[in-house]
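Novice: have a look; sequence and predicted model below, questions after that.
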Amino acid sequence: MSKPTSLDRFNVSRRDLIKTSTGAAAGMALAGGLAASPSIDSVAAQDSGTALQLGRESEFAAIFAPYHISTGGQTQVMDLIYSRLLKVRDDLSFEPDLAESWEVNEDATVYTFQIREGVTWTDGEPLTIDDIIFTYKTALIPETAASQAGKLRQIKGATAFYDGEADEIEGLERVDDTTLRITLEQPNVAFLTGTAGSSTLIWVLPEHIFSGVDLANIDQAPESLAPTVGSGAYQFVEYVPDQYVSFTANPNYHLGAPKIEQVFLRLAEPATQLAQLESGEIHLLSRMAPKEAARLEGNETVTVISTQGVGVFQTAVNNERFPDKRLRQAMMYGTDRNALLEAVLLGQGELVFSTVIGPEWAVFDDLNTYDFDPEKARALLEEMAWDSEQSIELTWSKGSQTVELAAPVFQQQMADIGIKIELAPFESAAYVDKVVNDPDFDMAWFGGGSYRLDPDVSSNYYMTVNWTPNGGNTTHYSNEELDQLFLDGRATSDIDTRREIYHQVALILNEDVPTSSGGRTIRSSGSIASCRDCCPDRTSTSGGTSRTGASPNSFPATRCRHSGGSALISLVQTLRSGQPWVGTFFVVSLYRFQCSFSSRSSHLPWSIWPREIRSRR
């Protein structure tokens, strides 16, 4: 393992950066802002590597163990330093990671994984099936309070283990040194979709490092705060609060040593990030408000990329505090969602009326569209005898420009129908504690999810067994009929039967609106563009998009002056961990940054490459 490089190494003036890279290949990297960001070091003499400057729009919560991951920034880190059994491609299909191959039996109760041989941890110890079983068992110990526990309890014997009635998990079996078998209590044709696609087939931890950790305080354990032993494409170096998280390439990565030497995830306020993006101090900003994207159109050093989302922009209502669905329905009728779509997202989205939004066979056009009707909203509130003096606190994670633009508009629209909303943004760590780890909130605004993968994905957010903190059901909504429908929908592979079942699921969610408000109904659409300077003929348009919105012809087929840049565009997908956000724009700085790798030869986390590049590797 090469010695981690200090951030100071990358200090260089903007003039020197331009001077040293004139005529060189332009590249791109995910970028973020920081309070005092250095410029990128000249890489003219670095034939073997480069440094990427990455970033996030919102605040970063420093959690480096996989059991309480709930934000995009945390997921970025996990995907860099650890591995999973499987990952999801941008076309929503699965691809190998630690598992080279996998099989599913006829009734979808047994999933068998062939584990890759020769994988090692960054300290040289072998990664084995025992590490995988240890990671899953740890998630199913109550003291861990793992967010994946609810879905992992589908495994046969997992509930008995969780409840302390068994010492082992019957359905989690080490068949031999390279074969892992997972047997479920009931059939589930969507098990991989609902797990690999949303992190339940979680990042694997080294048992020899974590076996003695206090599970009740795992996030604060030294092994978690400095997770230098991993199996991903990069090794953790250091975390400097409010400045950056840094990583160095793992030369023994099982999918090939990265050609990019250093990665820095920068941490700063959105305004600072934007300024540094435009000045060339950072390379790629993972998302921004549409108004900023519009402002940067035509900018000579910045290219704006939008992709079609698979998630939903929504507000979770604490159903335990507000159990009457008429309140949530009133919020829907009282929100002018079309106006929000135009004013906040500049039309970069479309309205949906349930989180059951795909794939194509699971899209339904007979749902209540909750057209803007303030009078109907007031009538519902009057019918339930709503106290107009009662206030509802709406919280979100600081730094999300889209939410911060939308929240005051929503607040005013609610005031117009007689609902008093108090706005309460929190730092990311405090937000996660308040909404996920120890729920104590009224309403929480967020976006994301992978709902278009399969309608069963919604089960993580609405089944009773998945109440936070042991799952994704933030609202603590509970409906026995819905719980059974999700089980029934998993139990058959017949599409016609599944369509009928999930139609009923969509109708129930549409009626009960456990998550509500204008933001809930928006998802993004758009296109991906390749390097504008040397590949204008390969720039995609908004048409001909794949299921995730990426044009099949967006990237150069062979190495060109910007081949590194074209490959790095796809970093957007992985470092956002396959969780597209609503109304999200990806901003790529074309500031002259030399890349010493090509789209054919570079090795970064497997899921970052668009399929047209992966197919040629």
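Specialist: Cool, the structure landed. Numbering: from 1, shown residues only.
Novice: for the stretch 201-350 of the chain, which spans come out with low pLDDT?
Specialist: The stretch 201-350 of the chain contains residues with pLDDT under 70 at 201, 307-311.
Novice: show me where it has strands.
Specialist: Along the stretch 201-350 of the chain, counting by DSSP state E, counting those that start in this stretch, strands occupy 234-240, 244-249, 262-266, 284-285, 302-306, 312-317, 350-351.
Novice: out of these, nearest to Gln114?
Specialist: With Cβ to Cβ, the closest approach to Gln114 among the strands of the stretch 201-350 of the chain belongs to strand 234-240: 25.3 Å. Yep, even glycine has a C-beta here, placed from its N, CA and C like the rest.
Novice: how far off centre is that closest one?
Specialist: 20 Å (Cα atoms, centre = their mean, to the nearest Å).
Novice: stretch 333-346 too?
Specialist: That offset, for stretch 333-346, works out to 24 Å (Cα atoms, centre = their mean).
Novice: now that stretch: buried residues?
Specialist: Neighbour-count burial for stretch 333-346, counted by 16 or more other Cβ atoms under 10 Å, picks out Tyr333, Gly334, Thr335, Asp336, Arg337, Leu340, Leu341, Val344, Leu345.
Novice: just the residues you listed now: which is nearest Leu85?
Specialist: Closest to Leu85, out of all of the buried residues of stretch 333-346 and judged by Cβ to Cβ, is Leu345, at 35.3 Å.
Novice: pretty sure the closest one contacts Pro290?
Specialist: Yes - taking contacts as Cβ atoms under 8 Å, Leu345 lies within contact range of Pro290: 5.2 Å.
Novice: quickly list what Tyr111 is bridged to.
Specialist: Val104, Ile182 (DSSP bridges).
Novice: how much space between it and Glu168?
Specialist: Distance, Tyr111 to Glu168, by Cβ to Cβ, to the nearest Å: 18 Å.
Novice: looking at these two, which is more packed in?
Specialist: Legend: neighbour count by other Cβ atoms under 10 Å for Tyr111 and Glu168, higher for Tyr111 (23 against 12).
Novice: surely the more buried one touches Asn188?
Specialist: No - with contact defined as Cβ under 8 Å, Tyr111 does not count as touching Asn188 (9.1 Å).
Novice: endpoints of stretch 108-125, how far apart?
Specialist: This stretch, stretch 108-125, spans 34 Å end to end (Cα to Cα, to the nearest Å).
Novice: flag every buried residue along it.
Specialist: Going by neighbour count (16+ other Cβ under 10 Å), the buried part of stretch 108-125 is Ala108, Thr109, Val110, Tyr111, Thr112, Phe113, Gln114, Ile115, Arg116, Val119, Trp121, Thr122.
Novice: what about stretch 439-456, distance to the chain center?
Specialist: Distance, stretch centre to chain centre, for stretch 439-456: 11 Å (Cα atoms, centre = their mean).
Novice: let me know the average pLDDT across that stretch.
Specialist: Averaging pLDDT along stretch 439-456 gives 85.
Novice: CA atoms only for it - export them in CSV, please.
Specialist: C-alpha atoms of stretch 439-456 as CSV (Å, rounded to 0.1, in the frame of the first residue of the first chain):
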residue,chain,number,x,y,z
PRO,A,439,-37.2,9.4,15.8
ASP,A,440,-38.6,12.6,17.4
PHE,A,441,-40.0,14.8,14.6
ASP,A,442,-43.2,16.0,13.0
MET,A,443,-42.3,16.2,9.3
ALA,A,444,-39.0,15.6,7.5
TRP,A,445,-38.2,16.5,4.0
PHE,A,446,-35.8,14.4,1.9
GLY,A,447,-35.4,12.9,-1.5
GLY,A,448,-34.0,9.8,-3.1
GLY,A,449,-34.7,6.1,-3.0
SER,A,450,-34.6,3.5,-5.8
TYR,A,451,-38.3,3.1,-6.3
ARG,A,452,-38.3,2.5,-10.1
LEU,A,453,-36.2,-0.7,-9.6
ASP,A,454,-39.2,-2.7,-8.5
PRO,A,455,-42.5,-1.9,-6.7
ASP,A,456,-41.3,-4.0,-3.7
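Novice: thanks a lot, see you next time.
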